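J.: Fold the following and give me the result.
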Amino acid sequence: MKKIAFFCIPAHGHTNPMLPVAAELVRRGNIVRFYSFNEFEEKIKSTGADFISCDSFLPELTAQEETGLKNVSTTEMTIQDIRITRNMDDFLNKEFASFRPDVVYTDSVCFWGKLSAWKHQIPMVVSTSTFAFNQMSSQYMKNSPKELADMILGLPRISKELKKLEPYGYHVKNALSLVQSDNHTDSVVYTSRKFQPYAESFSEHYAFIGPSVFSNVMPGKEKERPLIYISMGTVINDRPDFYGNCIDALKDINADVIISCGNAMNRELLGTLPDNISVYPYVDQLDVLSKADVFITHCGMNSVSESLYMAAPMILYPQTGEQCAVARRVTEIGAGILLRDDSSEGIRTAVQEILNNDAYAKAATECSADFRACSGTVGAAEFIENAPHTTKGTDVLSELNKENAKFQLLYWLIVIASIILTGLGISWKFVWIIGLAAGVLSAPIGKVVQKRNYTRVVEKWRG
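T.: Okay, the predicted model is just below:
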């Protein structure tokens, strides 16, 4: 029996996959203390874990800060995470002294969980609710100009907040060091190695357990007519314009339509609904997906994982860079298509494409089999119980970094030689052109070489 402390941010998409893991650990005789927030109290207690409320440590938000969080601002979320860490420091010092956990299981972006584990030198396992992102897999992220501006302009504010952690015994280089994946930290990832981008670059410190769900229901698609399910998740779901387009697109289709729109949106804005369309604040998503033939989704990792687990092909409508990465992977395996035109006509065309082409359903079914073959919550529980872990064999990412360093050295030696030869042989007035071109081209050339090096290192690793 072990004592395990769970930590998570106040977000459904991050909390939900941790719940089945908590239930399995409790079933195996462990003591689980789950530090979370009141909106999740009932769900957490149902797992058998002890619920510890952290609501009193949430900072008071200005209107601007609240808007930033609603818009999924990376800067605002990072700053609030840092402030919560400071607020919880004294409380968690006492908790760690009295509870004395053997292992900390913390969400990947829950700073107070990670920092407390490091501070008190407790073995830590990270709960990764998205893909595991490193220098290779992060290439799947395509941030919008707005997201990039938010991150760049927010750096001074984040740095200022990080410095405030030092008096509490938390020494952090930068926010990236708190969230990035590395090959030395034990991590549970809720997908399969096959679905994870660049899976070979992750060490044995990573347990790819497949979707973490309570349901044992198998997909059952047999019914009189198709079922189309629509959800934009639990965060950016106040979209009456989009739901209205969906209703207009599907009102005359020979199919049943279920829309889950959350509590944030006024459902009266959707007007009188056609007979084949139903709108609910929430549904049992796994149950609906087990019957669904098409899922129109915002591409949150949980939603996509559940859809593939239930063999439901998707129409992909990502709203953030992270969701774009998930959407890209779904299109690569052939289990969905991107919604490039969110007008009524565009939505109708996309739905008909999925319904009329069996290839999407076949790809989703194959991924479902892959997910169900993973170790699941039992594998996650065993991994957490046995932390910390050691690894054997080649660290692909470490080998890749060595190859990349060799290329960078050779690249800049060639640039310097070109500058010297140009200056001596032609004129020093023109050498700045070479330097400028080398700087501009270094990133794209570096990416091409890095991918080539990655392929070579992986082939060598596989033997």
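
J.: remind me, longest helix of the protein?
T.: Residue-count comparison of every helix in the chain, with assignments taken from DSSP state H, identifies helix 431-462 as the longest.

J.: Quick one: mean pLDDT over that one.
T.: Per-residue pLDDT values across helix 431-462 average out to 89.

J.: Enumerate the positions of it that are buried.
T.: 431, 434, 438, 449-450, 453-454, 457-458 (16 or more other C-beta atoms under 10 Å). C-betas here are computed from N, CA, C, even on glycine.

J.: from the residues you listed, which is closest to residue 162?
T.: The closest of the buried residues of helix 431-462 to residue 162 turns out to be residue 450 (C-beta to C-beta; 29.1 Å).

J.: Once you drop chain neighbours, what's closest to the closest one?
T.: Ranked by C-beta to C-beta, 6 or more residues apart in numbering and with sequence neighbours excluded, the top spatial neighbour of residue 450 is residue 404, at 5.7 Å.

J.: host element of the one you found?
T.: Under the criterion DSSP states H and E, the helix or strand holding residue 404 is helix 396-425.

J.: Return the list of helices and strands in contact with that helix.
T.: The criterion is 3 or more C-beta pairs under 8 Å, 6 or more residues apart in numbering; DSSP states H and E, and the helices and strands that helix 396-425 contacts are helix 431-462.

J.: contacting residues for residue 261?
T.: For residue 261, the set of contacting residues under the criterion of C-beta atoms under 8 Å, 6 or more residues apart in numbering consists of 231-232, 237, 239, 243, 267, 279-281.

J.: Same check on residue 289?
T.: With the criterion set at C-beta under 8 Å, 6+ apart, residue 289 makes contact with 229, 295, 306-307, 309-310, 312.

J.: And residue 338, by the same measure?
T.: The contact partners of residue 338, by C-beta under 8 Å, 6+ apart, come to 316-317, 327, 331.

J.: swap the cut-off to 7 Å and go again
T.: In this structure, residue 338 makes contact with 316, 327, 331, judged by C-beta atoms under 7 Å, 6 or more residues apart in numbering.

J.: distance of the second one from residue 358?
T.: Using C-beta to C-beta, to the nearest Å, one obtains 21 Å as the distance from residue 327 to residue 358.

J.: more neighbours, those two?
T.: Set residue 327 next to residue 358 and count neighbours by other C-beta atoms under 10 Å: residue 327 wins out with 25 against 11.

J.: That one against residue 320, yeah?
T.: No. Residue 327 is not in contact with residue 320 according to C-beta atoms under 7 Å; the separation is 10.3 Å.

J.: lowest-confidence helix or strand of this structure?
T.: Every helix and strand in the chain was compared by mean pLDDT, DSSP states H and E; the lowest is helix 63-70, with a mean of 62.

J.: which element follows that helix toward the C-terminus?
T.: Next along the chain after helix 63-70, with elements defined by DSSP H and E, is helix 74-99.

J.: How far off centre is the very next helix or strand once past that following helix?
T.: Following the chain from helix 74-99 toward its C-terminal end, the next helix or strand by DSSP H and E is strand 103-107. Strand 103-107 has its average C-alpha position 17 Å from the chain's average C-alpha position, going by C-alpha atoms, centre = their mean, to the nearest Å.

J.: and strand 103-107 with helix 74-99, angle?
T.: 160 degrees (axes from the mean of the first three to the mean of the last three C-alpha atoms, to 10 degrees).

J.: who's in contact with the closest residue in space to residue 41 that isn't next to it in sequence?
T.: Once flanking residues are discounted, residue 41 sits nearest to residue 51: 5.2 Å by C-beta to C-beta, 6+ apart. Residues in contact with residue 51, defined by C-beta under 7 Å, 6+ apart, are 34, 36, 41, 44-45.

J.: quick one: strands adjacent to the helix or strand where residue 51 lies?
T.: Assigned by DSSP H and E, residue 51 belongs to strand 50-53. In its sheet, strand 50-53 lies beside strand 31-36 (parallel), with partners assigned from DSSP bridges.

J.: Cool, thanks, signing off.
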